[in-house]
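Asks: What follows is a predicted protein model with its sequence.
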There are 2 protein chains.
Amino acid sequence: MKPILTEVITIGDEILFGQITDTNTQWIGAELTKLGIRTIRKSSVGDQRQSILDVLNEATQRADVVILTGGLGPTKDDITKVTLCEFFNTQLERNPEALGFVTKFFESRGRQLTEINARQADLPQNCTYIPNDWGTAPGMWFHENETVYISLPGVPFEMKNLMQYRIIPKLQQHFETPVIVHKIIRTVGIGESFLAETIANWEDNLPEHLKLAYLPQFSQVRLRLTGTGTDLLQLRAEIDEQVAAVLPLIQPYVYGFDEDEIEMVVARLLSEKSWMLATAESCTGGFVASQITKYAGSSQYFVGGVVSYSNTVKVNQLGVKPETLGQVGAVSEETVRQMAEGVRLKLGANVGIATSGIAGPDGGTPEKPVGTIWIACSTEKQTVARLLKLGPYREQNIQHTAVHVLNLLRQVLLDEQ
Amino acid sequence: MKPILTEVITIGDEILFGQITDTNTQWIGAELTKLGIRTIRKSSVGDQRQSILDVLNEATQRADVVILTGGLGPTKDDITKVTLCEFFNTQLERNPEALGFVTKFFESRGRQLTEINARQADLPQNCTYIPNDWGTAPGMWFHENETVYISLPGVPFEMKNLMQYRIIPKLQQHFETPVIVHKIIRTVGIGESFLAETIANWEDNLPEHLKLAYLPQFSQVRLRLTGTGTDLLQLRAEIDEQVAAVLPLIQPYVYGFDEDEIEMVVARLLSEKSWMLATAESCTGGFVASQITKYAGSSQYFVGGVVSYSNTVKVNQLGVKPETLGQVGAVSEETVRQMAEGVRLKLGANVGIATSGIAGPDGGTPEKPVGTIWIACSTEKQTVARLLKLGPYREQNIQHTAVHVLNLLRQVLLDEQ
């Protein structure tokens, strides 16, 4: 099967000048990869006619699919659409279906359609109109000389929905895409190179059509196994077999599969036991709690937490003994244990987790350098503490600590199953 | 003065396939903009010889400066450097200065230099070696036929330091860059379009060489005024004059200038009064505390906080009255006031802030739809509460609420100055 080659083009001065973060192209690249469609280039150009024409002409020479995002804002509307008309040697025409849609969109919000809004319905004559249920700028699909061109608004929410519900199905209909099966194994607490060494033998013996990628991120490494072929069931069976073969080698580090985040795994384990969690945070300053409460429904297993930045709060709210703080300090095994136990008891939870350390960049001593961080997890049966030796960077220390303390919680929950 | 046109090229399959987030090119674009150097295109290509040659040839036709990042990892080293040699019609040669540097780098870490590591010192003959004090892959500078080519490692930390300390000074020496003055006015709590209307008259009368950009972000809009010219002092005076003219129109919304974040402004106000802050969070789940403690030194003005996800924690840790929760519920003015007062008193702080609302996506009712969020700020003298009516998206609601409650804190601190 010939690979389908795609180029992704973003239009907008604000991206070139670094005023906004472009999250669209990463997302598009990842989605296309899942479909077995290969992104061969990404380009960003400004809101200028000639730049847009240049990049379209170049992409046409290389790609089967050209995806454009952005450049459709209210003040930019004309330049992209007019330039597409010039590129395709056609003209804008008011599309009745698109006009009906825009009219309804504004009516439903109690607003009258102005002429400027109505222009959202002016589309190049050669385009297939792709309705956008999530905003007013329509999607456009062109098919000219064996190449497919797709123009989407740059607002990530609109772009993603249009891709997911309109464009990807249309691409799968238009092209013969290969059968692709992905399986992600999520590990925590083992470095990329050590992981690679551990599974080197297995990796070397993978068949040609199964590819392995290492995706590291804050004390975690995701292993993505991608199979390409023609028979879905056979591919799935092969991947399952390979996963079964590698798991025993790395079991202690594996916390989940595919889209599982460690917060979700912990949430499932807590829910299974009908347990409530409480957090006591010093150096992570609320970050652990905010990671847990990012997920809707977290009130089912999270009772709350205490951010005990000062020693007074550690003593009064968590019951840490003043003499412990006096003798061994806040960054110590004893303190973090008392924090975890204290928050569990004071907040009436089944399990408490705690962090206390020197996040940096200042505050280190020769005995306790920046990056010295204690974590703990306490249940009725046991309290477990661990020492982390991290680096000099505050933000990274906070992120790594959160992952480690959630992983400690996971291990304790499994232990008490 | 002729503008200096730049293209930024990132090399790496992992970027095309959406496996990693490219933060480098946004940063480079923003830094170049500050220097008055115009980015005209950004491109990403894979780790293939022909793709790299193609993009180099195209960029050469348009740009004065071509910046390449990435493609220099241990397994990729050869392809980028060898391709650069092919492009420049030259060969690799072991650079003695680079070799000395790499040797020292490994020796200082107690490791022996292997042949693979030594290859980091093999550079195209026509390049100027740019020492990298932050890693092992060197920077490279080429000057061929009026075009400057710069190759940098893709690790953000190394790339940024190399740019800041080596490349930008060299660019300023090599090119005659214009004098650029930026001033950012930071606003909160006013929408972009309403802000634009408010200052339309002023904006219309800006002289041609002063440009205004609107940079919106979570309930905030940054107004960036950029002046381009030849006389630094005169430009600064002109910008100051324009800022002085616009400020009275938008004063209530302005919280800072340039690099000020709202957390930093609040930190300064607290430090001036030697006040300690405490947080009580329900719907923001620790996010407000984590935003405050992101900054080193926050223990000087932040005593800690309580994440009161359950009503029991609201009652026991914050002293919210059970009858209040029974009568008007957790998402109410009364509750959020008691939370702010309670956390201030219980944690022994001078000022307490609180959030309670329905972050979504579930949990809404006809009277209190998702996005109904109460915030409060309490001092010894007063407790102020406000109702926010936000949207359906959990993550955005949390982020917006954090900005609003920090802004309420700012206003109360100013009020009590």
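Replies: Yep, that arrived. Residues are numbered from 1 along each chain as shown, chains lettered A, B, ... in the order given.
Asks: what's next to the strand or helix carrying A:Lys183, contact-wise?
Replies: In this assignment (DSSP states H and E), A:Lys183 forms part of strand A:179-188. Contact with strand A:179-188 is made by A:34-36, A:195, A:215, A:219-232, A:235-236, A:239-240, A:243, A:246-247, A:250, A:253-260, A:262, A:403-404, A:407, as judged by Cβ atoms under 8 Å, 6 or more residues apart in numbering or on different chains. Glycine gets a C-beta too; all of them are placed from N, C-alpha and C.
Asks: cool, and stretch A:328-341?
Replies: With Cβ under 8 Å, 6+ apart as the test, stretch A:328-341 has contacts from A:280, A:282-283, A:308, A:311, A:314, A:318-321, A:324-325, A:352-358, A:368, A:372-378, A:383, A:385, A:387.
Asks: Any regions of chain A where pLDDT drops low?
Replies: Along chain A, segments meeting pLDDT under 70 span A:72-78.
Asks: Give me the distance between the helix ranked longest in it and the centre of its chain.
Replies: What stands out as the longest helix in chain A, according to DSSP state H, is helix A:394-415. Put simply, helix A:394-415 sits 18 Å off its chain's centre (Cα atoms, centre = their mean, to the nearest Å).
Asks: Restricted to strands, list the contacts of stretch A:328-341.
Replies: In this view, these that belong to strands under DSSP state E are A:280, A:352-357, A:372-378, A:383, A:385, A:387.
Asks: before we move on, the earlier item: can you narrow the contacts of stretch A:328-341 to ones near chain B?
Replies: Taking Cβ under 8 Å from any Cβ of the partner chain as the test, chain B is in contact with A:Ser308 out of the contacts of stretch A:328-341.
Asks: Pull out the buried residues from the contacts of stretch A:328-341.
Replies: Buried by 16 or more other Cβ atoms under 10 Å in any protein chain shown: A:280, A:282-283, A:308, A:311, A:314, A:318, A:320, A:324-325, A:352-358, A:368, A:372-378, A:383, A:385, out of the contacts of stretch A:328-341.
Asks: Up against chain B, what does the stretch 51-200 of chain A have?
Replies: Within the stretch 51-200 of chain A, the positions near chain B by Cβ under 8 Å from any Cβ are A:Ser51, A:Val55, A:Glu58.
Asks: In the stretch 101-250 of chain A, what residue lies closest to chain B?
Replies: Taking Cβ to the nearest Cβ, chain B has its nearest neighbour within the stretch 101-250 of chain A at A:Leu215, 5.6 Å off.
Asks: For the closest residue to that residue other than its chain neighbours, which residues are in contact?
Replies: Distances taken as Cβ to Cβ, 6 or more residues apart in numbering or on different chains place A:Arg222 nearest to A:Leu215, at 4.2 Å, with adjacent residues excluded. Taking Cβ under 8 Å, 6+ apart, we find A:Arg222 in contact with A:Ile184, A:Ile185, A:Arg186, A:Thr187, A:Tyr214, A:Leu215, A:Pro216.
Asks: Make CSV from those residues and add distance to B:Glu107 and neighbour count to it.
Replies: Shown next, in CSV, are those (distance: Cβ to Cβ, whole Å; neighbours: other Cβ atoms under 10 Å in any protein chain shown):
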residue, distance to B:Glu107, neighbour count
A:Ile184, 39, 17
A:Ile185, 37, 21
A:Arg186, 37, 22
A:Thr187, 33, 23
A:Tyr214, 29, 17
A:Leu215, 32, 15
A:Pro216, 27, 15
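Asks: Closest to B:Thr21 out of those residues?
Replies: A:Leu215 (11.4 Å; Cβ to Cβ).
Asks: before we move on, what SS does that closest one have?
Replies: Three-state assignment for A:Leu215 (DSSP: H, G, I helix; E, B strand; the rest coil): strand.
Asks: what about A:Ile292, is that helix, strand or coil?
Replies: On the three-state scheme (three-state DSSP), A:Ile292 is labelled helix.
Asks: That one and B:Glu323, how far apart?
Replies: The gap separating A:Ile292 from B:Glu323 is 29 Å, by Cβ to Cβ, to the nearest Å.
Asks: between the two, who's got more neighbours?
Replies: A:Ile292 (26 against 9; other Cβ atoms under 10 Å in any protein chain shown).
Asks: contacting residues around the more buried one?
Replies: A:Glu263, A:Val266, A:Ala267, A:Leu277, A:Thr279, A:Ser298, A:Phe302, B:Gly285, B:Gly286.
Asks: quick one, domains of chain A?
Replies: Here the domain parsing of chain A from automatic domain parsing is A:5-174, A:179-257, A:262-415.
Asks: Can I get those domains in a markdown table including distance to B:Ser271?
Replies: What follows is the domains of chain A, written out as a markdown table (distance: least, Cβ to Cβ, whole Å):
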| stretch | distance to B:Ser271 |
| --- | --- |
| domain A:5-174 | 31 |
| domain A:179-257 | 31 |
| domain A:262-415 | 15 |
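Asks: Please identify the most buried of these.
Replies: Of the domains of chain A, the one with the most neighbours on average (mean count of other Cβ atoms under 10 Å in any protein chain shown) is domain A:262-415, at a mean of 21.
Asks: Show me how far that domain is from its chain's centre.
Replies: Here domain A:262-415 is found 24 Å from its chain centre; the criterion is Cα atoms, centre = their mean.
Asks: One more: stretch A:108-117?
Replies: Remark: stretch A:108-117 is offset 35 Å from the chain centroid, using Cα atoms, centre = their mean.
Asks: Need the distance between the two termini of it.
Replies: With Cα to Cα, to the nearest Å as the measure, stretch A:108-117 spans 14 Å from end to end.
Asks: next one: stretch A:16-28
Replies: In stretch A:16-28, first residue to last residue: 18 Å (Cα to Cα).
Asks: do stretch A:385-395 as well
Replies: OK, stretch A:385-395 end separation, Cα to Cα: 22 Å.
Asks: now stretch A:278-289
Replies: So stretch A:278-289: terminal residues 9 Å apart, Cα to Cα.
Asks: In contact with the closest residue to A:Met163 other than its chain neighbours, which residues are there?
Replies: Leaving aside its sequence neighbours, A:Met163 sits nearest to A:Glu31 (Cβ to Cβ, 6+ apart; 6.3 Å). Contacts here follow Cβ under 8 Å, 6+ apart; on that basis A:Glu31 touches A:Met163, A:Gln164, A:Ile168, B:Gly18.
Asks: Got the phi and psi for A:Glu31?
Replies: Reported as degrees, to the nearest 10, the phi and psi values for A:Glu31 are phi -70, psi -40.
Asks: and A:Gly100, how far is that from A:Glu107?
Replies: Distance of A:Gly100 to A:Glu107, computed by Cβ to Cβ: 10 Å.
Asks: shouldn't the residue of the stretch 101-250 of chain A closest to chain B be in contact with A:Val221?
Replies: Yes - using Cβ atoms under 8 Å, A:Leu215 makes contact with A:Val221 at a distance of 6.9 Å.
Asks: mind listing the helices for the stretch 51-200 of chain A?
Replies: Using DSSP state H, counting those that start in this stretch, the helices of the stretch 51-200 of chain A run over A:77-88, A:96-108, A:115-118, A:156-162, A:168-174, A:192-198, A:200-204.
Asks: can you redo these as TSV with distance to B:Leu5?
Replies: Converted to TSV, the helices of the stretch 51-200 of chain A look like this (distance: least, Cβ to Cβ, whole Å):
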stretch	distance to B:Leu5
helix A:77-88	20
helix A:96-108	37
helix A:115-118	33
helix A:156-162	28
helix A:168-174	35
helix A:192-198	38
helix A:200-204	44
